[in-house]
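>>> after the sequence you'll find the predicted model.
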Amino acid sequence: MTGAPQKDAVFEIIGAEAKGAALILCEHAAHAIPARYDGLGLTPDAAISHAAWDPGARDLAVYLAGSLDATLIAATVSRLVYDCNRPPEAASAMPGKSELVEVPGNANLTDAQRAERTETVYRPFCAAVAGTIAGRQHRLQSTAIITVHSFTPVYYGETRETEIGILHDTDTALADAMLRNTSKVSHRTIHRNQPYGPEDGVTHSLQIHGVAHGLPNVMIEVRNDLLRTPEDVARIGDELCAMIASALDALGLQSEGTGHA
């Protein structure tokens with residue numbers, strides 16, 4: 001699996017020629033803030049906190065891509081600059097506050113400033129996904145959209161019981177198929193549309209890259225305390241791969257790759 005972002009690129013593509021059915025997206029893979037935004041006024045701790053990215057999500061996405069012979073498209077810019085899982089009109093696309101973290105550089109953004117981030121971060125990421133989908137369709141390659149995220153164990157002081165969330169929007173097929181395979185990981189606490197759901201505005205990527213193209217789609221959320229080490233990532237990755245591969249087979253999609261490459 002190879003691939004690296006070019007200078008100033010806002011995304012990276014790993015495994016562009018992969019043969020498996022899964023097309024994996026990781027919108028919150030990085031906490032980098034381009035110099036032109038002057039760190040968004042964040043403290044050093046806030047700039048690398050879960051408010052700025054999804055810790056462990058990129059590592060997990062890379063592992064899944066290697067195991068499933070899948071293509072991965074990952075953002076390389078902090079979601080506090082622009083959250084690529086939100087539409088431009090959403091306030092949360094460039095939030096002034098994320099949980100308890102104030103984001104001074106996002107306060108009172110002008111229309112022109114919002115448009116600049118939309119054009120330089122969001123639209124290139126979406127274009128990369130759309131172009132990849134179009135190429136796969138041209139090759140008659142089966143495609144299922146899988147987005148990979150992580151979430152904090154404690155949110156607004158509340159401890160979260162969920163370990164793995166299987167999220168969906170209007171198309172439930174892939175999520176349903178994965179949830180039918182929870183017996184493969186019976187030791188895990190797995191919930192549908194938790195800790196977030198469509199009502200929280202988290203299914204934008206599923207809508208525009210999956211539902212709009214008639215492609216099966218699912219969003220995977222993993223509690224980030226389960227992704228702290230490479231061993232943790234491999235453990236969760238293998239568990240998810242068992243669920244994903246069975247789900248793809250159940251939907252009649254070609255599932256390549258049976259072990260980590």
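Received it, and whenever you're ready, just let me know what you need. Numbering: from 1, shown residues only.
>>> local confidence estimate at residue 154?
At residue 154, the pLDDT value in this model is 89.
>>> surely it and residue 100 touch.
No - using CB atoms under 8 Å as the test, residue 154 is too far from residue 100 to be in contact (10.8 Å). Just so you know, the C-beta spots here come from the backbone N, C-alpha and C atoms, and that holds for glycine as well.
>>> in contact with the closest residue in space to residue 33 that isn't next to it in sequence, which residues?
Leaving aside its sequence neighbours, residue 33 sits nearest to residue 78 (CB to CB, 6 or more residues apart in numbering; 5.2 Å). With CB atoms under 8 Å, 6 or more residues apart in numbering as the criterion, the residues that contact residue 78 are 30, 31, 32, 33, 40, 47, 52, 53.
>>> I'd like the average pLDDT over stretch 203-223.
Confidence for stretch 203-223, expressed as mean pLDDT, is 98.
>>> next: stretch 28-44.
Mean predicted confidence for stretch 28-44 is 97.
>>> buried sites along the longest helix seen in the chain?
Once the chain is assigned using DSSP state H, the helix that runs over the most residues is helix 230-250. Residues of helix 230-250 classed as buried: 232-233, 236-237, 239-248, 250 (neighbour count, 16 or more other CB atoms under 10 Å).
>>> what do you get for stretch 185-201?
Buried residues in stretch 185-201, counting neighbours by 16+ other CB under 10 Å, are found at 185, 188, 190, 191, 193, 194, 195, 196, 197, 198, 201.
>>> host element of the second one?
When you say that, I think you mean residue 188. For residue 188, there is no enclosing helix or strand under DSSP states H and E.
>>> if I look at the residue lying closest to it once chain neighbours are set aside, how far off is residue 240?
Nearest non-adjacent residue to residue 188, counting by CB to CB, 6+ apart: residue 163, 5.1 Å away. From residue 163 across to residue 240, the span is 11 Å (CB to CB, to the nearest Å).
>>> cool, residue 176 as well?
Residue 176 sits 16 Å away from residue 240, going by CB to CB.
>>> same question, residue 108
Distance from residue 108 to residue 240, by CB to CB: 41 Å.
>>> ok, residue 171 - contacts?
Neighbour list for residue 171: 206, 210, 211, 216, 217 [criterion: CB under 8 Å, 6+ apart].
>>> so of those residues, which ones are in helices?
Using DSSP H, none of the contacts of residue 171 sit in helices.
>>> which residues in the stretch 1-150 of the chain form strands?
Ranges of strands in the stretch 1-150 of the chain, per DSSP state E, counting those that start in this stretch, are 11-14, 22-26, 71-75, 97-98, 101-102, 144-151.
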